[in-house]
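Peer 1: Dropping the sequence and predicted coords here.
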Amino acid sequence: MSGQLGLRSAVRGRKIPGMRSAVALVVLAWGTAASLGCGASMRTVVESDMRFEHCYRIDDDAGAPAEAKRGCWHDWVSHYTRGQDRNRVDYAKERLRVLSLAPVTSPVAQPSSTMAGPKPSSPYAPPPAITPSEGSVTSPSGWPPGASTAAVKQQ
């Protein structure tokens with residue numbers, strides 16, 4: 001029994017080499033895992049990106065009312081800035097400020113573009129025939145003057 005007592009006292013009094021480094025490694029690993037879990041999740045960042053692009057698209061649409069633009073940017077600044085670049089946050093705040101200064105008006109109707117010909121009735125219909133304008137000269141066969149049908153017949 002005295003032999004066991006001597007062994008126990010020898011183990012108790014002796015320091016185990018590398019114990020401090022093992023404890024330090026465990027603490028470092030735990031700290032790293034905890035710090036990675038504190039950032040914005042990938043899902044949050046992607047959702048914020050999509051919402052930013054949505055507001056950007058609405059802001060670019062001339063037909064969208066200013067109130068819808070203002071509401072979209074306000075919602076993004078209030079709820080979707082976590083994990084975003086500072087440039088995006090600053091841009092959204094600036095757009096919100098500019099839209100808040102703009103007077104609330106009804107959307108202005110965009111002028112319709114005039115087409116040279118009639119609107120197409122079907123995507124499969126051939127284009128309408130072009131009538132020669134006044135002053136243009138065509139040959140009786142419909143070929144421009146000086147055109148030779150011989151080049152076409154050779155092919």
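Peer 2: Yes, it's here.

Peer 1: Residue ranges in the chain under the pLDDT threshold?
Peer 2: Low-confidence regions of the chain, defined here as pLDDT under 70, cover residues 1-19, 27, 31-39, 104-121, 127-128, 132-155.

Peer 1: how about the helices in it?
Peer 2: If DSSP state H is used as the criterion, the helices of the chain fall at 2-13, 19-36, 42-60, 66-79, 86-101, 150-154.

Peer 1: Redo these as TSV? Include distance to residue 122 and mean neighbour count.
Peer 2: The C-beta positions use only the backbone N, C-alpha and C, and glycine is treated the same way. Converted to TSV, those look like this (distance: least, Cβ to Cβ, whole Å; neighbours: other Cβ atoms under 10 Å):
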stretch	distance to residue 122	mean neighbour count
helix 2-13	95	8
helix 19-36	59	10
helix 42-60	31	14
helix 66-79	35	16
helix 86-101	42	14
helix 150-154	30	8
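
Peer 1: can you list those in CSV and add distance to residue 124?
Peer 2: Formatted as CSV, these follow (distance: least, Cβ to Cβ, whole Å):
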stretch, distance to residue 124
helix 2-13, 93
helix 19-36, 58
helix 42-60, 32
helix 66-79, 38
helix 86-101, 44
helix 150-154, 28
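
Peer 1: Nothing else from me, thank you.
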